[in-house]
Each structure stands twice: as C-alpha cells, then as structure tokens.
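Q: quick one, structure for this:
(chains A and B)
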2 protein chains.
Amino acid sequence: MTFSGQIDDALRADLLVTAEAMADAARAAILPHFRAADLDAENKAEGGFDPVTVADRAAERAMLDVLAKQRPTDGVLGEEYGTQAGESGLTWVLDPIDGTRGFLSGVPTWGVLIAVGDDTGPVLGVIDQPYIGERFLGGLGAAWCDGPLGRRPLKARAPRPLGEAILYTTFPEIGTESEAAAFRRVASQVRLIRYGTDCYAYALIAAGQIDLVIEAGLKAYDIQGPMAVIEAAGGVVTDWQGGPVHRGGQVLAAANADIHRDALKLLRG
Amino acid sequence: MTFSGQIDDALRADLLVTAEAMADAARAAILPHFRAADLDAENKAEGGFDPVTVADRAAERAMLDVLAKQRPTDGVLGEEYGTQAGESGLTWVLDPIDGTRGFLSGVPTWGVLIAVGDDTGPVLGVIDQPYIGERFLGGLGAAWCDGPLGRRPLKARAPRPLGEAILYTTFPEIGTESEAAAFRRVASQVRLIRYGTDCYAYALIAAGQIDLVIEAGLKAYDIQGPMAVIEAAGGVVTDWQGGPVHRGGQVLAAANADIHRDALKLLRG
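A: Residues are numbered from 1 along each chain as shown, chains lettered A, B, ... in the order given. Below you'll find the model as predicted:
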C-alpha cells in the first residue's frame, strides 16, 4: 500500500510517540526473559538452529497491543504474527528480537526493530537494545540515540578509503557461494572485519562508528528499521545492485555515498 | 612471586574494595572516550591493526593510582605500563581495555580486566563493561554480576553434549594453521558458534549463557581476570593440554568439567 496523505506535524508526533511506546512495551516484555536460566528455544526451521523464544512472541504481542490502541487503522507486518492489512496507507514492520542467537547466548547485540512506512519504504525506524537501555531512532527529522550516556545525535561517518574502513557482518559464511565470493571481494580490501553483532552493527553505522555492513538473505522486517535509522543519520542502504532493499534480500549498508559506491563496485564483481 | 601469607577476612575485604575501586576508576577514565568522534588509534604492531587509545592508557594510569594509594606494596603487571615488582607477594594483572577492535567500532563487548593473585594464578578477577554498566566479579567467595538488572549470582551452566553447546571465539582465523585445525575439530561438533565478542564471551560462561570459549595467543593480562570469574562461577579454564593457563597462551574456557573434557579431547586431536 502507498501512503497518499501528507505527514504533517500532528501525524509526525503521533508516529514518533507510537514508535517509542512500542519500543517501551517490547522492552518490558523481553527483559524478564533475557539471561533467564529456563530460556529455551523451539526449532522453527527443521534441523536448523532458528530459535523462537517466548520473549519474541510476547514482545510482538505487546507492540501489536500498542498499535491497536494508538493507531488502529495502520497495517502491520510482523516476524511472529504475520501481516494485518490496514486502511491508513501506513504499515508497521516489526522484528521483536532480531538476533535470536545472540539473545540465546546472552550478548546484548540483539535488538527490537520497528519501522513505519509504505510500499516505497520506511519513513521512521527504531533499533532498541533493552538490556543496555539504548534506543537508536531515525526518520521524520529525528536522528538520535538515547542510551547510557544520555541523548546523542546520530551521524554516520565521513568518507574514507576502503583500506581504512570497518566492515561488519553476522556470519563469516554469508549466503550462497557466489554471495560469499562477492562478500570476500569487499572484505579483502577493508582495514578491519568483525562478525556476529546482529542488528547492532547497523546502529553502529548510524552512530558514526563503522563504515559498512554487508548481509544476505534478509527479510523486510530485518532491514526496514535499521534502514530508516541509517538514512536519517546520512548513510546509504541498498541491495547489492544499488536498488531499493526495503523488501529484504542482499543488503549493503554504508556510512556515506562514497564508500557505498566503492563497496558496490566490488560486490558486483 | 608466591604469596606466603593467608587471605583472612580483612585482606579479603581489602582486595574486593580495591578491585571495585580500580574498576570504577577505569570506567570514569574510559567512558569519555568511547564513541568519541575524534577517537583514533596508533599502530602498536608494525603494519598490523593493534590500536592503543588514549583511553587505554588513561584507564591503566587510573587503576595504578588506586593501587598506589590503597595497596602500595602489591606488584603490578599491566598491558600498557608493564611490570612493577611488589613486596606483599600479591600482584595485580591489568588489561585496561581488552578488545580494542570492538572498542574502536563502538561495540560494548570490550572490557576492563582486573585480577589479583600470585605466580600460581589469580584469586580474584573482574570483567567490567563500562558502557553497559555491568561488572562480573569472581573469587574469594564472591561470584556475581552487577548490571542493568541489579545484582545476580554467577553460575556457569550444567553439562550438556557438545552437540547442544554454544562456542565463542574472537576470530574465525584463530592462531596458526594447526591451532585453527584444532579449533575446527571442536567447532564442527557444537550447536552454535559465534565470533567477535572479546572478553565478554568469558563473562557469558560465568553467567551461565554459553558453554565454551577457545582462543590462542593470549597474554596473562587477557586471561587472568576472566579465569578467576569463570572458576568462581564453577567453570574450568586451562590451556589446550589441560594445564594451567594464567600465564597466557592457548585458552580453553568451559562451563563445567564435563564439556571441558569433551572439548579438550578434540583440541588434542
């Protein structure tokens, strides 16, 4: 659905308040389960390790409850409970716990991902890390992080050569063989590559700490929140062909247009 | 030096208070530099990426100041300022920022490592994460984490088969070729392997969240703090031959004796 209205000050304020209320609700739902001794995962994917926790579902449910109360005519696309069509033209895209493997091992680099927008992409996004108490929010004129050091503006870093860049990805074994080869063409050129930070790596681009995140096989709800936050901080997020990526797939997230161009060239081969 | 005295209640209390005061001082010294825009690294190792920051030195200096005031006769082995001989038989082993690569990219999985003991190993250790505000402390009867959720006891998890275990390490390319091969023998058997969490992974063993950490090429100051914390929580930390590892080298840290034995067997080949 495409939003045909205009985002005026009242709607902007309403979306910001709703997004924060959803993130608050998700935090409250998740935290009692993080590092809980009895935490255990079901196996969603047959034979694979794709944990879904009680926390995951409780958090999405808590966010849906906020929406039902505050913005009942918006649509929803959630990781756990799927799609609900709306009438307003705006849709919320939710991943209650992005990085369930990190969650299950106690590392606070997982996050609650929230985005709102339409079929052309998100206009506002949130990456929330409940345990650290850190919220990255970007879009509709906002770009800030509320965290242990107070509120700080988000600003992606200035261009630098690939040879001085920091690249993050979740797994060393990224996607298919040809995807892995493309990834290595970039990885071999950068100064530092690090693994395993889940959605937190996208937040670090927005916070001006790293230059690139490259991943494959993402869903819409994995990327829309991060995408809005990074774009609001001045970064660039596309697929590996330089096209729109809000529906998911292969993701190239960059701190600025220059390093995005350099990485894209190598990804294309 | 070997400590020939006895750790009575008064000395125990003094060591705990001193360790906490050092961790507090390191936090205060480091936090203004974390995620600072002007942060830049020197290259300590020629041609390599071994960043030493202003924060690293300021934190070790701050900890040395605490020691000079509170325990002037103890010895020190620090990452930045080296060895100071003492007279008490006790030596503090300090790594002001373990995980400088994580630090430089903004991920709060680096930590301040503090240990005190003698040439037979540490009796007390601290892993402190200043940004999260989380402190893992173990030894002399203590085993707890003070963090965002309050104080919680540390207890490493119960035995489980390797096929259900979670293994962490910092880099996929671990040490030499034969070290990498040994590592892969274990890695190929576990349920989940994750990379890039620096010293935080050791804290996660103590917190009962993961089962194994395997690393190579560590220094005494990289492992003594984590070792004391894990042992206090019921875990086992040795080298890859099952021997003492407080002087550094190849490290196998395990949640319990059973999984330690299983991993050790595979590491030995």
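Q: the longest helix seen in chain A and chain B, any residue contact?
A: If you go by DSSP state H, chain A has its longest helix at helix A:9-30. No: contact of helix A:9-30 with chain B (Cβ under 8 Å from any Cβ of the partner chain) is absent, the minimum separation being 10.9 Å. C-beta: built from backbone N, CA, C; applies to glycine.
Q: only the C-alpha atoms, please, for that helix, written as PDB.
A: Taking Å, rounded to 0.1, in the frame of the first residue of the first chain, the C-alpha atoms of helix A:9-30 are listed here in PDB:
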ATOM      1  CA  ASP A   9       3.400  17.800  12.400                       C
ATOM      2  CA  ALA A  10       0.500  16.100  14.200                       C
ATOM      3  CA  LEU A  11       1.000  12.800  12.300                       C
ATOM      4  CA  ARG A  12       4.700  13.000  12.700                       C
ATOM      5  CA  ALA A  13       4.400  13.500  16.500                       C
ATOM      6  CA  ASP A  14       1.900  10.600  16.700                       C
ATOM      7  CA  LEU A  15       4.200   8.200  14.800                       C
ATOM      8  CA  LEU A  16       7.200   9.200  17.000                       C
ATOM      9  CA  VAL A  17       5.200   8.700  20.200                       C
ATOM     10  CA  THR A  18       3.700   5.400  19.000                       C
ATOM     11  CA  ALA A  19       7.100   4.100  17.900                       C
ATOM     12  CA  GLU A  20       8.600   4.900  21.300                       C
ATOM     13  CA  ALA A  21       5.600   3.400  23.100                       C
ATOM     14  CA  MET A  22       6.000   0.200  21.100                       C
ATOM     15  CA  ALA A  23       9.700   0.000  21.900                       C
ATOM     16  CA  ASP A  24       9.000   0.600  25.600                       C
ATOM     17  CA  ALA A  25       6.400  -2.200  25.600                       C
ATOM     18  CA  ALA A  26       8.700  -4.600  23.800                       C
ATOM     19  CA  ARG A  27      11.500  -3.900  26.400                       C
ATOM     20  CA  ALA A  28       9.200  -4.600  29.300                       C
ATOM     21  CA  ALA A  29       8.000  -7.900  27.600                       C
ATOM     22  CA  ILE A  30      11.500  -9.100  26.700                       C
END
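Q: what residues sit buried inside it?
A: Neighbour counts over helix A:9-30 (16 or more other Cβ atoms under 10 Å in any protein chain shown) mark A:11-12, A:15-16, A:18-27, A:29-30 as buried.
Q: tell me which parts of chain A are close to chain B?
A: Counting by Cβ under 8 Å from any Cβ, chain A sits next to chain B at A:31, A:35, A:37, A:49, A:101-102, A:104-109, A:131-133, A:148-149, A:152, A:166, A:168, A:172, A:191-192, A:194-197, A:200, A:204, A:207-210.
Q: show me what the longest helix of chain A packs onto, helices and strands only.
A: On a contact count with 3 or more Cβ pairs under 8 Å, 6 or more residues apart in numbering or on different chains; DSSP states H and E, helix A:9-30 meets helix A:54-70, strand A:91-98, strand A:111-118, strand A:121-129, strand A:134-139.
Q: parallel or antiparallel, list what pairs with the last one.
A: By that I understand strand A:134-139. Partner strands and pairing direction for strand A:134-139 (DSSP bridges) are strand A:121-129 (antiparallel), strand A:142-147 (antiparallel).
Q: which one is A:Gln189 nearest to, not counting chain neighbours?
A: Spatial nearest neighbour of A:Gln189, chain neighbours left out: A:Leu162 (4.5 Å); criterion: Cβ to Cβ, 6 or more residues apart in numbering or on different chains.
Q: separation between that neighbour and A:Leu267?
A: 12 Å (Cβ to Cβ, to the nearest Å).
Q: check A:Thr91 too.
A: A:Thr91 is 29 Å from A:Leu267, by Cβ to Cβ.
Q: more crowded one of those two?
A: Counted by other Cβ atoms under 10 Å in any protein chain shown, A:Thr91 and A:Leu267 do not tie: A:Thr91 has more neighbours, with 24 against 20.
Q: bridged to that one, which residues?
A: So, taking DSSP bridges as the rule, A:Thr91 has A:Gly75, A:Gly117 as bridge partners.
Q: where does the stretch 51-200 of chain A get nearest to chain B, residue-wise?
A: A:Gly106 (3.1 Å; Cβ to the nearest Cβ).
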